[in-house]
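Engineer: would you be able to build a 3D model of this:
(one chain, ligands or ions: 1)
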Amino acid sequence: MLSRLNSPSAYVERLQRKYPLVGDDRIGQIYAITAKSLPAELTRLVDQHAIVLGTISKTRPDAYTVHLREGSAIVFTTGMMDFIYAVTRSITGMFVGHGNAGIEYQKAIGLGDVADLVAGIFTQWMNQRRWYHRSKQINYPRFRLSEEAQQIAETLAKNAEAFIMCHELAHAMNAHKGGDDTEENADALGLKYFMSAAVINNQHRMPVASMMLVVRIFASLERVGVHISSDYLQSAERTEKLRRGLRELPASELDIDEMMTIAVSLQELMDDVDDVIAGVARGNHQDDYQCYIGLLSRLEEVVRGRITEEEFVRGVDEIGRNIGIARMSKVANRLGTSYPSCPLTESPPSRRELMGLRLREINSRLPENLRSLFPS
Ligand SMILES: [Zn+2]
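Structural biologist: Numbering: from 1, shown residues only. Got it, this is the predicted structure:
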């Protein structure tokens, strides 16, 4: 019935009559913020109602694009926003603080509690999908968060929604141009739309973290048996493609590594959550890149005075024990290359130069068996 409507406006209006929106139109607000950094050819299509975005009050989390003869309709359910917010708020319960370099997660509430919360939210999602006539709103945990943690949860949620929106806008644009509208292409173009605001604001880490978190949340859902879409790429592959897509930014390899710090700590957190949900012992899932980013962010925290050298050394020790000498050698080598020793100059050293210096200073305090792997 609906597919016979040719106009995206008519399509969305019809849905909105059936599921009238109460409260804020979140996606409208997010579009209004994002539009400033979107390409003119895209915003023109939205202005001309060839692409129409709409939110409907449905508790089942969903976001999709429908291609019609006169354009594309992008539909978000309020359930999607509730779900994203519930997850970000739950995992933020683990954060005790965060700097640019990473998120110190733990202990605000225990890992087991967080996993229970996230598992509970996933169960609610599954129930929504199984019995979507139910009109129960997804609940989010109402424990007290510090103002900072609250802020992180909001920022993560807002960025995650913006990424999903950009992905859907990319579907609409790909269809408009008559190109191949695959999930992969939507991710690639959506990434450009999404990151253009980050580039303008020169704020990359939270947007990158939020984008990777969206992919990671969908992977966790698949792990507990919720199938999102057969077209979606496998999570690991999708994450890797998005990371490679970041290389198209005017950014160096090291810029991108530093952009990944919060993303990697959230990925590790979600790995822990998955293990707890699955009822298995917390395993070590870090690949070499994640270990490298883990040490990079700790080193940055040392230079910023947020953690002590002892904590950095403990991190090296722990990672070394997890991955062994051969892998640690690669990780240490990469870190040393990223932050080379800098020549003495008149001008005060940059943060990166300080990181290079500090890394070499710390060497003598590292565990004996690992010392020779790191630069001195
Ligand atoms: Zn898609």
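Engineer: got the residues of the stretch 151-300 of the chain near the ion?
Structural biologist: By C-beta under 5 Å from the ion, the residues of the stretch 151-300 of the chain that approach the ion are Glu183, Ala186. To be clear about C-beta, it is placed using only N, CA and C from the backbone, and glycine gets the same treatment.
Engineer: where does the prediction get shaky in the stretch 151-300 of the chain?
Structural biologist: 224-234, 282-283 (pLDDT under 70).
Engineer: at which residues are the helices of it located?
Structural biologist: 183-201, 205-223, 235-245, 253-259, 261-278, 288-303 (DSSP state H, counting those that start in this stretch).
Engineer: CSV for these, including mean neighbour count?
Structural biologist: CSV is the format used below for those (neighbours: other C-beta atoms under 10 Å):
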stretch, mean neighbour count
helix 183-201, 19
helix 205-223, 22
helix 235-245, 16
helix 253-259, 17
helix 261-278, 22
helix 288-303, 22
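Engineer: how much space separates Gly324 from the ion?
Structural biologist: Gly324 is 39 Å from the ion, where distance means C-beta to the ion, to the nearest Å.
Engineer: what about that residue, how many residues close to it?
Structural biologist: 9 (other C-beta atoms under 10 Å).
Engineer: ditto for Ala157
Structural biologist: Ala157: 23 neighbours (other C-beta under 10 Å).
Engineer: what's in contact with the helix or strand that contains Ala73?
Structural biologist: Using DSSP states H and E, Ala73 falls within strand 71-77. Contacts to strand 71-77, defined as C-beta atoms under 8 Å, 6 or more residues apart in numbering, come from residues 7-8, 11-12, 15, 19, 26-27, 45, 49-66, 161, 164-165, 168-169, 171-172, 175-176.
Engineer: quick check: Glu353 touching Cys342?
Structural biologist: Yes: Glu353 lies in contact with Cys342 (C-beta atoms under 8 Å); the separation is 4.1 Å.
Engineer: quick revisit: how about whatever helix or strand comes next after the strand holding Ala73 and the ion, touching?
Structural biologist: Scanning forward in sequence from strand 71-77 by DSSP H and E, the next helix or strand is helix 78-92. No: using C-beta under 5 Å from the ion, helix 78-92 stays clear of the ion, coming no nearer than 12.9 Å.
Engineer: list the helices and strands helix 78-92 packs on?
Structural biologist: Applying 3 or more C-beta pairs under 8 Å, 6 or more residues apart in numbering; DSSP states H and E, one finds that helix 78-92 contacts helix 26-34, strand 51-56, helix 111-130, helix 147-176, helix 205-223, helix 261-278.
Engineer: redo the ones you listed as JSON lines? Include distance to Ala332.
Structural biologist: JSON lines is the format used below for the helices and strands packed on helix 78-92 (distance: least, C-beta to C-beta, whole Å):
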{"stretch": "helix 26-34", "distance to Ala332": "40"}
{"stretch": "strand 51-56", "distance to Ala332": "47"}
{"stretch": "helix 111-130", "distance to Ala332": "28"}
{"stretch": "helix 147-176", "distance to Ala332": "30"}
{"stretch": "helix 205-223", "distance to Ala332": "23"}
{"stretch": "helix 261-278", "distance to Ala332": "17"}
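Engineer: for the stretch 1-150 of the chain, which residue gets nearest to the ion?
Structural biologist: Closest residue of the stretch 1-150 of the chain to the ion, C-beta to the ion: Thr65 (7.1 Å).
Engineer: my read is that residue is in a strand, agree?
Structural biologist: Yes: checked against DSSP: H, G, I helix; E, B strand; the rest coil, Thr65 lies within a strand.
Engineer: now do the contacts for it.
Structural biologist: Ser72, Ala73, Ile74, Val75, Glu168, His171, Ala172, Ala175.
Engineer: ok, now how distant is the last one from the ion?
Structural biologist: Meaning Ala175. 11 Å.
Engineer: pretty sure that residue is touching Asp181, no?
Structural biologist: Yes: at 5.0 Å, Ala175 counts as touching Asp181 under the criterion of C-beta under 8 Å.
Engineer: any shared contact partners between the two?
Structural biologist: Residues touching both Ala175 and Asp181 by C-beta under 8 Å, 6+ apart: His67.
Engineer: what's near enough to touch Thr308?
Structural biologist: So Thr308 contacts Val302 (C-beta under 8 Å, 6+ apart).
Engineer: could you list the domains of this protein?
Structural biologist: 2-285, 286-376 (automatic domain parsing).
Engineer: how far does the longest one sit from the chain's center?
Structural biologist: When C-alpha coordinates are averaged (C-alpha atoms, centre = their mean, to the nearest Å), domain 2-285 and its chain have centres 8 Å apart.
Engineer: against Glu147, how distant is Ser161?
Structural biologist: Not quite, residue 161 is Glu, not Ser. Counting by C-beta to C-beta, to the nearest Å, the gap from Glu161 to Glu147 is 21 Å.
Engineer: those two - which one has more neighbours?
Structural biologist: For Glu161 versus Glu147, neighbours defined as other C-beta under 10 Å are more numerous around Glu161 (24 against 7).
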